[in-house]
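Colleague: quick one, what's the 3D model for this:
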Amino acid sequence: MSKKDLSRRDFIKTSLSIGAVTFGSQFWNNPLFAADDNVIPDIIAVRNGEPDIMYHRAMEALGGMKNFIKKGQTVLVKPNIAWARTPEEGANTNPLLVKTIVHDILQAGADKVYVFVHTCNDPEKCYAMSNI
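Modeller: Numbers count the residues shown, from 1 in each chain. Predicted coordinates for the structure are as follows:
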């Protein structure tokens, strides 16, 4: 091996350094981390709480439902409610969350809201389990 060849260790160190610099520049130039409070992020993550409360926190950070709904619109909501499971089991979109979203859409000015689901189980079982 000549001195021009990189050892495996040097290659890994160099690669990690380049990756860190590249990631760092993307991280600090990302609008999510900008000092401008008027920037609305593209995505929000909210954890640890009740579905309706977490939803409200996320929507507030996104500027509210009125940023997404125009007065007089007809809106389709497609939750994942396909399984005959209780909300506590977490297999479906929580019914309280669906109700809260529909309420917010109507409050934002939509004329109609449709909630479409297609179950994988017996629809009667799914409805009974959803406790809506």
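
Colleague: which residue comes closest to Asp111 once chain neighbours are left out?
Modeller: Closest residue in space to Asp111, ignoring its immediate chain neighbours: Gly72 at 5.2 Å, by Cβ to Cβ, 6 or more residues apart in numbering. Using the backbone N, CA and C atoms, a C-beta is placed for each residue, glycine as well.

Colleague: burial check on the one you found, number of neighbours?
Modeller: Counted with other Cβ atoms under 10 Å, residues neighbouring Gly72 total 9.

Colleague: what do you get for Arg57?
Modeller: Arg57: 13 surrounding residues under other Cβ under 10 Å.

Colleague: and if you look at Ala108?
Modeller: Ala108 is flanked by 18 other residues according to other Cβ under 10 Å.

Colleague: now for it: which residues touch it?
Modeller: Applying Cβ atoms under 8 Å, 6 or more residues apart in numbering to Ala108 gives the contacts Gly64, Met65, Lys66, Phe68, Ile69, Lys71.

Colleague: make it 7 Å
Modeller: Going by Cβ atoms under 7 Å, 6 or more residues apart in numbering, Ala108 touches Met65, Lys66, Ile69.

Colleague: same check, this time on Thr100
Modeller: Counting by Cβ under 7 Å, 6+ apart, Thr100 makes contact with Asp52, Tyr55.

Colleague: pLDDT score for Ala91?
Modeller: Per-residue confidence (pLDDT) for Ala91: 83.

Colleague: and what of Ser15?
Modeller: Reported pLDDT for Ser15: 68.

Colleague: residue ranges of the helices in the protein, please?
Modeller: 8-28, 51-61, 95-107, 123-130 (DSSP state H).

Colleague: low-confidence stretches in the protein?
Modeller: Counting by pLDDT under 70, the chain shows low-confidence ranges at 1-6, 11, 13-38, 121, 123, 125-132.

Colleague: try it again with 50
Modeller: By pLDDT under 50, the low-scoring segments of the chain are 1.

Colleague: pull up the gap between the residue nearest to Asp111 and Arg85, please.
Modeller: Computed as Cβ to Cβ, to the nearest Å, the Gly72 to Arg85 distance reads 36 Å.
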